[in-house]
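Novice: here is a sequence together with a model predicted from it:
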Amino acid sequence: MKVVKFGGSSLASASQLEKVLHIVKSDAERRFVVVSAPGKRDDQDTKVTDALIKYYRQYIAGNDVSKEQNWIINRYADMVAELGLKSTIIEKISKSIISLATLPIENNEFLYDAFLAAGENNNAKLIAAYFNHNGIPARYVHPREAGLVVSSEPGNARILPSSYDKLEELNHSDEVLVIPGFFGVTQYGQICTFSRGGSDITGAIIAAGVKADVYENFTDVDGIFAAHPGIIHKPRSIAELTYREMRELAYAGFTVLHDEALLPAYRGKIPLVIKNTNNPEHPGTRIVHKHSEDHPPVVGIAGDSGFVSINMSKYLMNREVGFGRKALQILEDLNIGWEHMPTGIDDLSIILRERELTPIKEEEILRQLVQKAEVDFAEIEHDLSIIMIVGEKMKSHIGVTATATKALSDNKINIQMMSQGSSEVSIMFVVNKNQEKAAIRALYKAFFGSSENDE
Ligand code: ASP
């Protein structure tokens, strides 16, 4: 049995909804459908969630909100008309949108969440009606009824583990259940959303709750690409990816799925498939716990800029007990998080995100390194990018680093640092920001071939 989640672009118009209907109809295993709010129909369009934010702002400012209300209602009404649904459904949706502007403003920390959640909530009503109209017995289920209980953290809810028992009862339904994504209810009944893009999280929670065989996440791309399509022209999509590999790629800038969505599916041991609503025959990317036997060593190449390196050296550093702690203590005292720490015998670098620092903090770090850690030399290097070559099977494969470094040297790319954790899920190279794209292109070519893929 499958849980399927459709993102906003898959639900943006009547023609997209027809594709969704076909996808659900074509596989009787697709029993649970989690939906986003309608997304953009084209680049100029506005997402319904963003329109709800505007509506909220006007409302709390005490302004007339009829323009915002009408825009949102019309967005649904267009789809209802095009799909030939009964007008009762748009009456319901319209009432729900208008009633938002009667909610109390004072002492209501969940007001913003109530506005935002209306996008998903009303879309789920519409889609359930559409399915019924077209021969799929379906039922709209509010997260309250489903038992999706979350923490009281407005805009940043987390599922309460106790929810899962109740969610399992959803299995008893004969109908296809249509559940709005992005929000749950608190123990006190308030609507509380996950962070933006959080419908993915709902899908993963439902999949874990009903113990689905697969969680299918439908977007508008053929799965996860082996490299960023803005850098590599038409990169191949990855057929199979482990959760650990996905984490590494997401860390270095891949953003297909909401990060937190992986957790419930991972814990529930549920394979996740990322598929394309506009090309459902494509197998997409399957995210699994363990690779099949003869899987190639490298799955993808990611890069991210905005890194700095604090470099320090001290004669006989390796003999000094406690040096690393002293250096890290300085960062901890300044409340600075760090990411990587490559070392040599007498030197150590701490790589961190540029946003962790301010000019004052930088000065302070350098001062304290000299004073407290008594380094001979310390500097802060800016404008660095990290490049990650990701693949769990590298561990049992000889020559991955050789291939990578040869590709980089052939393309005259200076490797500033490199590191590989003991789990060997990834190799990380640090390069100058200006060479990031060239490095990704060189590595892509080395591991996946040039084909039509170079820009
Ligand atoms: N509609 C919400 C957003 O735009 C959640 C989602 O689509 O996943 O952030």
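Specialist: That came through, no problem. Numbers count the residues shown, from 1 in each chain.

Novice: so what's Leu167 closest to, chain neighbours aside?
Specialist: Gly209 (2.7 Å; Cβ to Cβ, 6 or more residues apart in numbering). Where C-beta positions appear, they are placed from N, C-alpha and C, glycine not excepted.

Novice: burial count for the one you found?
Specialist: For Gly209, the tally of surrounding residues (other Cβ atoms under 10 Å) stands at 25.

Novice: also the one 3 residues further on?
Specialist: Here the count is done by other Cβ under 10 Å, and Ala212 has 26 residues near it.

Novice: next: the one 10 residues further on.
Specialist: Asp222 has 19 neighbours, counted by other Cβ under 10 Å.

Novice: repeat that for Glu354.
Specialist: Glu354: 12 surrounding residues under other Cβ under 10 Å.

Novice: so how far is Met428 from it?
Specialist: Applying Cβ to Cβ, to the nearest Å, the value for Glu354 to Met428 is 17 Å.

Novice: for the closest residue to the ligand within the stretch 201-350 of the chain, grab phi and psi.
Specialist: Nearest to the ligand in the stretch 201-350 of the chain, going by Cβ to the nearest ligand atom, is His258, at a distance of 7.0 Å. Dihedral pair for His258: phi -60, psi 130, per degrees, to the nearest 10.

Novice: am I right that it is in contact with Gly203?
Specialist: No. Counting by Cβ atoms under 8 Å, His258 does not reach Gly203; the two are 9.4 Å apart.

Novice: could you say what helices and strands the helix or strand hosting Tyr266 packs with?
Specialist: Take DSSP states H and E as the rule and Tyr266 turns out to sit in helix 262-267. Contacts defined by 3 or more Cβ pairs under 8 Å, 6 or more residues apart in numbering; DSSP states H and E place helix 262-267 against helix 199-209, helix 243-251.

Novice: 6 Å instead, please
Specialist: In terms of contacts (3 or more Cβ pairs under 6 Å, 6 or more residues apart in numbering; DSSP states H and E), helix 262-267 is packed against helix 199-209.

Novice: before we move on, the earlier item: what sits up against the helix holding Tyr266?
Specialist: Ala204, Ile205, Ala207, Ala208, Tyr215, Tyr243, Leu272 (Cβ atoms under 6 Å, 6 or more residues apart in numbering).

Novice: give me the subset of the residues you listed touching the ligand.
Specialist: The subset of the contacts of helix 262-267 lying close to the ligand, counting by Cβ under 6 Å from any ligand atom, is empty.

Novice: list only buried entries from these.
Specialist: Buried subset of those (neighbour count, 16 or more other Cβ atoms under 10 Å): Ala204, Ile205, Ala207, Ala208, Tyr215, Tyr243, Leu272.

Novice: work out for me the element the fifth one sits within.
Specialist: Assignment of secondary structure by DSSP H and E places Tyr215 within strand 214-219.

Novice: can I assume Phe225 is in contact with Pro235?
Specialist: Yes. The criterion here is Cβ atoms under 6 Å, and Phe225 meets it with Pro235 at 4.2 Å.

Novice: before we move on, back to that, minimum pLDDT in the contacts of helix 262-267, which residue is that?
Specialist: Least confident entry in the contacts of helix 262-267, by pLDDT: Tyr243, with 91.

Novice: list the contacts for that one?
Specialist: So Tyr243 contacts Tyr266 (Cβ under 6 Å, 6+ apart).

Novice: ok, it to Phe218 distance?
Specialist: Tyr243 is 19 Å from Phe218, by Cβ to Cβ.

Novice: quick check: residues of the stretch 151-300 of the chain near the ligand?
Specialist: When proximity is defined as Cβ under 6 Å from any ligand atom, the stretch 151-300 of the chain approaches the ligand at Gly181, Phe182, Arg196, Gly197, Gly198, Ser199, Asp200.

Novice: grab the nearest non-local neighbour of the fourth one.
Specialist: When you say that, I think you mean Gly197. Leaving aside its sequence neighbours, Gly197 sits nearest to His258 (Cβ to Cβ, 6+ apart; 4.7 Å).

Novice: run a quick neighbour tally on the closest residue to Leu316 other than its chain neighbours.
Specialist: Among residues not flanking Leu316 along the chain, Asp346 sits closest, at 6.8 Å (Cβ to Cβ, 6+ apart). Here the count is done by other Cβ under 10 Å, and Asp346 has 16 residues near it.

Novice: would you confirm that Asp346 contacts Met312?
Specialist: No. Counting by Cβ under 6 Å, Asp346 stays clear of Met312, with 9.6 Å between them.

Novice: helices of the stretch 251-400 of the chain, residue ranges please.
Specialist: 262-267, 323-333, 359-371, 400-410 (DSSP state H, counting those that start in this stretch).

Novice: can you list the ones you listed in a markdown table and add mean pLDDT and mean neighbour count?
Specialist: Shown next, in a markdown table, are these (pLDDT from 0 to 100; neighbours: other Cβ atoms under 10 Å):
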| stretch | mean pLDDT | mean neighbour count |
| --- | --- | --- |
| helix 262-267 | 90 | 19 |
| helix 323-333 | 97 | 16 |
| helix 359-371 | 97 | 14 |
| helix 400-410 | 96 | 16 |
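
Novice: redo those helices as JSON lines? Include distance to Phe447.
Specialist: Below are the helices of the stretch 251-400 of the chain laid out as JSON lines (distance: least, Cβ to Cβ, whole Å):
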{"stretch": "helix 262-267", "distance to Phe447": "24"}
{"stretch": "helix 323-333", "distance to Phe447": "34"}
{"stretch": "helix 359-371", "distance to Phe447": "36"}
{"stretch": "helix 400-410", "distance to Phe447": "7"}
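
Novice: what sits against Arg41?
Specialist: Ala12, Ser13.

Novice: and it, helix, strand or coil?
Specialist: The three-state assignment at Arg41 reads coil, by DSSP: H, G, I helix; E, B strand; the rest coil.

Novice: show me what contacts the residue nearest the centre of the chain?
Specialist: Nearest residue to the geometric centre of the chain (Cα atoms, centre = their mean): His258, 2.1 Å. By Cβ under 6 Å, 6+ apart, His258 lies in contact with Gly197, Asp200, Ile201.

Novice: buried among the residues you listed? Make that a PyMOL selection.
Specialist: If you want just the buried ones from those in PyMOL, going by 16+ other Cβ under 10 Å, the selection is:
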select buried, resi 197+200+201
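
Novice: quick revisit: among the residues of the stretch 151-300 of the chain next to the ligand, name the buried ones.
Specialist: Listed as buried from those are Gly181, Phe182, Gly197, Gly198, Ser199, Asp200; burial here means 16+ other Cβ under 10 Å.

Novice: so the last one touches Val256, yeah?
Specialist: So that's Asp200. No. Counting by Cβ under 6 Å, Asp200 stays clear of Val256, with 9.2 Å between them.
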